[in-house]
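1. sequence-free structure coming up:
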């Protein structure tokens, strides 16, 4: 009888040891999953912050683009006015020729400004396109990270359920061994 009880005690100890090892392994896996989740959440937060920064820069450039367009239209309008003044100045006397030279000078300056503004507009257009592309990539990264977070949360829930089931099983086995002793 003692021999049987000792064997049962050994079996109980063996089961308890295996259960402890299994629980330890599950706890380690849970901790690893939680660390991965935290890391992924940090990455997601950084990606969202970066996305917001790109969006802000994009909006600022869009506003600059509108301003440049307005300035360009105003300068073109001024250029048309000056061109019509120049056409009327051809028929005037020497004094008007001096005024004509002055207006031609002003015309060249405005043309240089227009070319400069067109160059700026072209650069802003390229920057705007780059920002739109970066914004799309950031949003795609955000979706990927959100999906990863959801996967890790699901894995964490599954491991928690497994851990609870193993604890219940361990409790049942412990009770069964305890009842078999007596």
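-> On my side now, so go ahead. In this text the structure is predicted, and so the values were computed from the model without any measurement.

2. and the helix or strand containing residue 70, how far out from the chain middle?
-> Applying DSSP states H and E as the criterion places residue 70 in helix 2-89. Taking CA atoms, centre = their mean, to the nearest Å, one finds helix 2-89 lying 4 Å from the centre of the chain it belongs to.

3. same thing with stretch 166-176?
-> Worked out by CA atoms, centre = their mean, stretch 166-176 lies 46 Å from the chain centre.

4. would you mark the buried spots in it?
-> 170, 173 (16 or more other CB atoms under 10 Å). Using the backbone N, CA and C atoms, a C-beta is placed for each residue, glycine as well.

5. residue numbering should commence at 5 henceforth.
-> Sure thing, new numbering starts at 5, so read that last one as stretch 170-180.

6. I'd like the mean pLDDT over that stretch, please.
-> Averaged over stretch 170-180, pLDDT sits at 78.

7. and if you look at stretch 14-28?
-> The model assigns stretch 14-28 a mean pLDDT of 90.

8. so what's the most centrally placed residue in the chain up against?
-> With distances taken as CA atoms, centre = their mean, residue 51 lies nearest the centre of the chain, 3.0 Å away. Going by CB atoms under 8 Å, 6 or more residues apart in numbering, residue 51 touches 142, 145-146, 149.

9. and which of these is nearest residue 17?
-> Proximity of the contacts of residue 51 to residue 17 (CB to CB) peaks at residue 149, which lies at 45.9 Å.

10. from residue 61, how far off is that closest one?
-> Between residue 149 and residue 61 the computed distance is 21 Å (CB to CB, to the nearest Å).

11. so the one helix or strand in the chain whose mean pLDDT sits lowest versus helix 6-93, what angle?
-> Lowest by mean pLDDT, DSSP states H and E among the helices and strands of the chain is helix 98-185, with a mean of 84. Between helix 98-185 and helix 6-93, the angle comes out at 170 degrees (axes from the mean of the first three to the mean of the last three CA atoms, to 10 degrees).
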